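**Q** Sequence first, predicted model second:
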Amino acid sequence: MKKVHFIAIGGSAMHNLAMALHLKGYRVSGSDDEIFDPARSRLARFGLLPPDEGWHPERVTPDLDAVILGMHARKDNPELLRAKELGLKIYSYPEYLYEQSKDKLRVVVGGSHGKTTVTAMILHVLKDAGMDCDYMVGAQLEGYDIMVRLSETAPLMVIEGDEYLTSPIDPRPKFHLYKPDIALINGIAWDHINVFPTFEKYVEQFRIFASTICPDGCLAYFSGDPEVAAIAAGLASERPDVRLLPYDVPEYRVGKGFSELLYQGKVYPLQVFGRHNMQNIEAAWQVCRRLGIADEVFLKSIMSFKGASRRLERIGDNPVSQVSVFKDFAHSPSKLQATIGAVKEQFPERKLVACMELHTFSSLSKVFFSHYKGCMDKADVAMVYYNPKAVEHKKLEPIDPQAIHEAFACPRLKVYNDSARLVSDLKSMDWHNANLLWMTSGNFDGVDEKALAEEVCKK
C-alpha cells in the first residue's frame with residue numbers, strides 16, 4: 001500500500017486528488033491551516049480530514065512514497081522543509097497527475113474560458129459510450145462523486161488544463177506538465193495579470209503548452225481566435241508530426257427558450273445554449289472523433305448534457321411569470337460578454353439583469369479595468385459588486401466606484417460595495433418576464449444564492 005501525504009489537503013483540487021488516491025487503495029494523510037466546506041465535509045466522509053488544523057512536521061515520515069504540495073502552502077512550510085530534509089519525493093498536484101497517467105493516452109483541454117465545460121462534455125459522451133477513462137475536471141459534475149478519478153485499468157485520462165501556477169516552489173503553469181497526446185486550446189483572453197503582467201506573456205504560456213504535445217500527437221484549436229490560430233501555424237512549421245484539428249462554431253438555431261444543433265439535415269435539441277457553448281460542443285466533438293466516437297453517438301449523447309456546475313447553471317425558474325435565474329463563473333471581460341450575450345440571445349424578449357462580482361486579483365486591479373469596456377452593454381440592468389476588504393486583502397489600491405463606472409462605460413451600470421444593499425435592490429425589482437444572471441468566482445460575501453433565486457422566482 002503506497003503512502004502519500006498532502007501539504008494543504010483542503011484545496012479544491014487537492015482534496016479531490018486525496019479522495020481519488022484513497023479510492024485507489026493508497027494510504028492518505030494530510031495537513032492544512034484551514035479547511036472549509038465543501039472540502040471539510042467531503043474529506044470527513046472519506047475519513048481523510050486531519051484531526052486538527054495546522055502544520056505538523058511529525059506527520060512527514062521517512063516511509064512516505066510521496067509528498068504532494070498544494071498551492072496554498074508557502075515555501076517555508078515546516079512540513080515541506082521536513083520532506084526536503086528527509087529527501088522524500090515531492091510532487092506538485094499536476095506533477096502527480098502526470099505520474100499517475102504517464103502510461104495512458106492523455107487528453108488535455110486548455111483555454112482561457114470554456115475548458116471546464118469542454119472537459120465535462122467529453123466525459124459525458126465517453127461515459128455514455130461506455131469508454132473507460134480517468135479524469136480531472138475543475139467543477140462538480142452531475143453523476144460524478146469526485147472531480148478526479150485515477151485507476152489502474154483506464155487506458156485514457158482527460159485533464160482540464162489550468163494555466164495558473166503549479167506550486168509555491170514551481171512557477172510553471174500547470175498545463176505545461178501534462179504532456180498531452182491530444183491537446184485542445186479553446187480561446188485566449190488575458191487573465192491572471194498578477195502572474196502574467198502582459199498579454200504577450202500570457203499568450204506565450206499557450207505556445208509552450210502546444211510545444212509539449214507528445215510525438216505524433218494532435219492539437220484541436222478554435223480557428224476563430226487569431227492568437228490560437230497563430231500558435232497552430234507556428235506549431236505546423238516546427239512540429240510536422242503534430243496533426244492540427246481546426247474547428248469553428250457549428251451550425252445551430254435558437255428557438256423560444258431552447259437551442260438546436262443542425263447537422264446533415266437533422267436537428268438535435270440541446271439543454272445548453274449560447275454561441276460559446278456551441279463552440280464548446282464543437283471542441284468536444286473534435287476530441288471525441290479523435291478518440292473513435294462516431295458522430296451519431298456524440299450527437300445523441302450531447303443532447304442530454306446539462307452543463308457543469310456554475311457554468312450558466314439554472315438555479316431558479318418560474319415558467320408562469322417567465323423568470324429564470326442563472327449562475328455563472330464569469331469574471332473576466334470575455335467571459336462576461338459571452339455569458340451575457342448567450343442569455344440575451346436565448347431569451348431576447350426578457351429583461352436581463354446581470355450582476356457580477358469583481359473578486360479575482362485581475363478584476364480588482366485598476367490597470368485591468370479598461371478591458372471591461374462594453375462587456376455588459378447587452379444587459380438591460382448591469383450591476384457590479386466589489387468588497388473593499390477583498391481589495392485590501394490582495395494589497396491593491398483602494399477602488400473608487402467612479403473608476404468602475406468609467407471603465408465599464410455602461411450608462412446603466414450600478415456599482416455596489418455592500419452586498420446586502422445589492423440583494424435588497426434585486427428583491428425590490430419587478431421580475432415578470434425577466435432573467436437574473438449571477439456571475440462570480442466568489443460568493444458575493446456569503447449571499448445565499450438559492451434563497452435569492454427562490455424569492456426572485458416567486459415574484
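**A** Yep, that arrived.
**Q** Point out where the stretch 301-450 of the chain drops to low pLDDT.
**A** Residue ranges of the stretch 301-450 of the chain with pLDDT under 70: none are present.
**Q** got the residue ranges for the strands in it?
**A** 313-318, 323-328, 351-357, 381-385, 413-416, 434-439 (DSSP state E, counting those that start in this stretch).
**Q** Also the stretch 51-200 of the chain?
**A** For the stretch 51-200 of the chain, the strands defined by DSSP E, counting those that start in this stretch cover 66-69, 90-92, 105-110, 134-136, 148-149, 156-160, 165-167, 170-173, 182-185.
**Q** In the second one, which residues are buried?
**A** Residues of strand 90-92 classed as buried under the neighbour-count rule (16 or more other C-beta atoms under 10 Å) are 90, 91, 92. (Each C-beta comes from the backbone N, C-alpha and C, glycine too.)
**Q** hang on, isn't the second one packed against residue 70?
**A** Going back to what we said before, that points to residue 91. No. Distance between residue 91 and residue 70: 10.7 Å, which falls outside the contact criterion (C-beta atoms under 8 Å).
**Q** Phi first, then psi, for residue 443.
**A** phi -150, psi 20 (degrees, to the nearest 10).
**Q** need the contact list for the closest residue to it other than its chain neighbours.
**A** Counting by C-beta to C-beta, 6 or more residues apart in numbering, the nearest residue to residue 443 once its immediate chain neighbours are dropped is residue 449, at 7.6 Å. The neighbours of residue 449, taking C-beta atoms under 8 Å, 6 or more residues apart in numbering as the test, are 315, 327, 438, 443.
**Q** Look up how far residue 416 lies from the first one.
**A** The one in question is residue 315. With distances taken as C-beta to C-beta, to the nearest Å, residue 315 is found 20 Å from residue 416.
**Q** With the second one instead?
**A** Using C-beta to C-beta, residue 327 is found at 18 Å from residue 416.
**Q** Just list the residues touching the nearest residue to residue 346 once chain neighbours are set aside, thanks.
**A** Counting by C-beta to C-beta, 6+ apart, residue 346 lies nearest to residue 273, which is 4.4 Å off, once chain neighbours are set aside. Remark: with contacts taken as C-beta under 8 Å, 6+ apart, residue 273 is in contact with 254, 258, 259, 312, 342, 345, 346.
**Q** Going by neighbour count, which of the residues you listed are buried?
**A** Of all the contacts of residue 273 considered here, the ones buried according to neighbour count by 16+ other C-beta under 10 Å are 254, 259, 312, 342, 346.
**Q** tell me which element the second one falls in.
**A** Assigning secondary structure by DSSP states H and E places residue 259 in strand 258-263.
**Q** Determine the set of other helices and strands touching that strand.
**A** Packed against strand 258-263 by the contact rule (3 or more C-beta pairs under 8 Å, 6 or more residues apart in numbering; DSSP states H and E) you find strand 252-255, strand 266-270, helix 275-290, helix 295-302.
**Q** switch to 10 Å and redo it
**A** Applying 3 or more C-beta pairs under 10 Å, 6 or more residues apart in numbering; DSSP states H and E, we find strand 258-263 packed against strand 252-255, strand 266-270, helix 275-290, helix 295-302, helix 333-346.
**Q** what does that strand contact?
**A** For strand 258-263, the surrounding residues in contact (C-beta atoms under 10 Å, 6 or more residues apart in numbering) are 250-254, 266-275, 277-278, 281-282, 285, 295-296, 298-299, 302-303, 342, 345-346.
**Q** And the helices in the stretch 351-459 of the chain, which stretches?
**A** Taking DSSP state H, counting those that start in this stretch to define them, one finds helices in the stretch 351-459 of the chain at 388-393, 401-408, 419-427, 449-458.
**Q** Parallel or antiparallel, list what pairs with the strand holding residue 259.
**A** strand 252-255 (antiparallel), strand 266-270 (antiparallel) (DSSP bridges).
**Q** That strand relative to helix 275-290, how many degrees between them?
**A** Strand 258-263 and helix 275-290 meet at an angle of 40 degrees, taking axes from the mean of the first three to the mean of the last three C-alpha atoms, to 10 degrees as the criterion.
**Q** Mind checking the pLDDT average for strand 258-263?
**A** Predicted confidence along strand 258-263 averages 94 (mean pLDDT).
**Q** And the protein, split by domain according to the record?
**A** For the chain, the structural domains run 3-88, 96-302, 313-458, going by automatic domain parsing.
**Q** can you list the helices of the stretch 351-459 of the chain in TSV and add distance to residue 86?
**A** Compiled in TSV, the helices of the stretch 351-459 of the chain are given as follows (distance: least, C-beta to C-beta, whole Å):
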stretch	distance to residue 86
helix 388-393	35
helix 401-408	50
helix 419-427	46
helix 449-458	45
